[in-house]
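*Asks:* sequence first, predicted model second:
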Amino acid sequence: MSNPGSKDPLHGVTLEAIINALVARYGWDEMGKRVNINCFKSDPSVKSSLKFLRRTPWARAEVEALYIASLSDAVPAKPEPSVDSPWANWKGKREE
């Protein structure tokens, strides 16, 4: 039975989704620096990366670890107030 409240950040996330998320966040060059594997450095593609990572457990573990670390590094963007908002220019300071 599967646990719907699983705390595993990889639960239900495909390897392809992990690669796509990392490419979107870091790009191939940075991924090649963070995980030293040729499929990220030499003519990188999602397809070649999937093929290599499915056959190479140590490399897959490193990529999954990078993905998990990227989740904790994510800083949500603070939405800017609308110009029409009465709070748009408020700085949170009291005038004395």
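*Replies:* The structure has been received and is ready for your questions.
*Asks:* from here on, just use CA atoms for contacts and neighbour counts.
*Replies:* Fine.
*Asks:* what segments of this protein are strands?
*Replies:* Counting by DSSP state E, the chain has no strands to list.
*Asks:* so where's it uncertain?
*Replies:* Scanning the chain with the threshold set as pLDDT under 70 gives 1-6, 74-96.
*Asks:* let's see it at 90
*Replies:* Across the chain, the ranges flagged by pLDDT under 90 are 1-12, 71-96.
*Asks:* can you give me the helices for it?
*Replies:* 15-34, 38-41, 46-55, 57-73 (DSSP state H).
*Asks:* what sits up against the last one?
*Replies:* Outside helix 57-73, the residues that touch it by CA atoms under 8 Å, 6 or more residues apart in numbering are 9-10, 18-19, 21-22, 34-35, 37, 53-54.
*Asks:* let's go with 6 Å and repeat that
*Replies:* By CA atoms under 6 Å, 6 or more residues apart in numbering, the list of residues contacting helix 57-73 from outside reads Leu53.
*Asks:* now do the buried residues in it.
*Replies:* 59-60, 63-64, 66-67 (16 or more other CA atoms under 10 Å).
*Asks:* ok, so of those, who is nearest Glu30?
*Replies:* Using CA to CA, Leu66 comes nearest to Glu30 of these, at 11.4 Å.
*Asks:* burial count for Asp43?
*Replies:* Using other CA atoms under 10 Å, Asp43 has 9 neighbouring residues.
*Asks:* show me the contacts for it.
*Replies:* Contacts of Asp43 by CA under 6 Å, 6+ apart: none found.
*Asks:* when you give positions from now on, start the count at 32
*Replies:* All set: I'll call the first residue 32, so the last point we hit is now Asp74.
*Asks:* list phi and psi for it.
*Replies:* phi 50, psi 60 (degrees, to the nearest 10).
*Asks:* check the gap between it and Asp60 for me.
*Replies:* Distance, Asp74 to Asp60, by CA to CA, to the nearest Å: 11 Å.
*Asks:* quickly note the distance from Phe83 to Ile68.
*Replies:* Distance from Phe83 to Ile68, by CA to CA: 9 Å.
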